[in-house]
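Peer 1: Requesting a structural model of the entry that follows:
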Amino acid sequence: MTKVRNIIKITDALTLVPLGLDFLDSVHCYASDIENTRYMMRLPNESLDETRAFLEAVDAQWQKESPSFFEFAILLDGIHIGAVSAYLDEMETGTCAELGWIIRKEYWGRGLGYEAAKAMVAFCRECLGVHHFIAHCDTENVGSRRIMEKLGMKCTCVNEGRRNRVATEDSREYQYEMYIGEK
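Peer 2: Prediction:
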């Protein structure tokens with residue numbers, strides 16, 4: 001695979017661009033917000049340095065010949081409103097991707113997460129040859145569950161022991177999957 005550094009235009013207003021340190025302040029804004037991250041396992045970030053370390057790792061992936069994950073910033077009319085990602089499963093030689101997304105709470109309920117996730121699926125299919133997609137969400141996260149179902153994903157199992165970074169109790173999570181093309 002050659003280096004992939006795409007800008008993906010979804011609509012006139014909605015665009016995906018490679019995420020990196022240029023987005024430090026705007027990423028930290030949503031990644032450190034407890035309400036915005038209440039269903040996320042590795043969030044909220046506790047410091048700007050923690051957000052910086054994550055974005056440095058993202059930048060490093062973008063520089064690799066064959067990245068193991070792709071993180072895009074979601075821009076709406078040029079404003080950074082969230083991120084969408086695909087983590088490749090190297091055990092399946094990159095033919096499986098775990099999808100993820102986060103949208104700033106001010107933009108919830110507008111279908112923007114779905115549009116970004118749909119564009120990420122298309123990017124993975126067309127640029128990376130991925131045909132198997134997985135996503136997880138807390139069982140209480142109705143918004144993410146709706147995105148997965150709208151993408152055509154099916155719930156394949158329910159797991160115990162999911163915990164948000166600042167939660168005091170474990171919760172459960174849904175695992176969704178879909179195959180496009182080969183199986």
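
Peer 1: Assign residue 113 to helix, strand or coil.
Peer 2: Put simply, residue 113 is helix when judged by DSSP: H, G, I helix; E, B strand; the rest coil.

Peer 1: who touches it in this structure?
Peer 2: Contacts for residue 113 (C-beta atoms under 8 Å, 6 or more residues apart in numbering) come out as 82, 84, 101, 103, 143, 144, 147. Bear in mind the C-beta positions are built from the backbone N, C-alpha and C, glycine included.

Peer 1: Can you give me the neighbour number for the closest residue to residue 10 other than its chain neighbours?
Peer 2: Spatial nearest neighbour of residue 10, excluding adjacent residues (C-beta to C-beta, 6 or more residues apart in numbering): residue 119 at 5.0 Å. By the measure other C-beta atoms under 10 Å, the count of residues near residue 119 is 20.

Peer 1: show me the contacts for residue 119.
Peer 2: By C-beta under 8 Å, 6+ apart, the contact set of residue 119 is 8, 10, 16, 84.

Peer 1: can you check residue 56 too?
Peer 2: By C-beta under 8 Å, 6+ apart, residue 56 lies in contact with residue 21.

Peer 1: Could you pick out the longest helix of the protein?
Peer 2: helix 48-63 (DSSP state H).

Peer 1: hang on, the earlier thing: top of the contacts of residue 119 by neighbour count?
Peer 2: That'd be residue 84 among the contacts of residue 119, by other C-beta under 10 Å, with 27 neighbours.

Peer 1: what's next to the helix or strand containing it, contact-wise?
Peer 2: Per DSSP states H and E, residue 84 falls inside strand 79-88. Residues outside strand 79-88 that contact it (C-beta under 8 Å, 6+ apart) are 16, 19, 23, 26-27, 30, 67-75, 94, 96-104, 106-107, 112-113, 116-117, 119-120, 123-124, 128, 130.

Peer 1: try 6 Å
Peer 2: The contact list for strand 79-88, computed with C-beta atoms under 6 Å, 6 or more residues apart in numbering, reads 19, 23, 26, 68-74, 94, 97-104, 107, 116-117, 120, 124.

Peer 1: now it: mean pLDDT?
Peer 2: Across strand 79-88, pLDDT averages out at 96.

Peer 1: Partner strands of it and their direction?
Peer 2: In the sheet, strand 79-88 lines up against strand 69-76 (antiparallel), strand 96-103 (antiparallel) (DSSP bridges).

Peer 1: what would these look like in TSV with mean neighbour count and distance to residue 35?
Peer 2: Below are the strands paired with strand 79-88 laid out as TSV (neighbours: other C-beta atoms under 10 Å; distance: least, C-beta to C-beta, whole Å):
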stretch	mean neighbour count	distance to residue 35
strand 69-76	23	18
strand 96-103	22	12
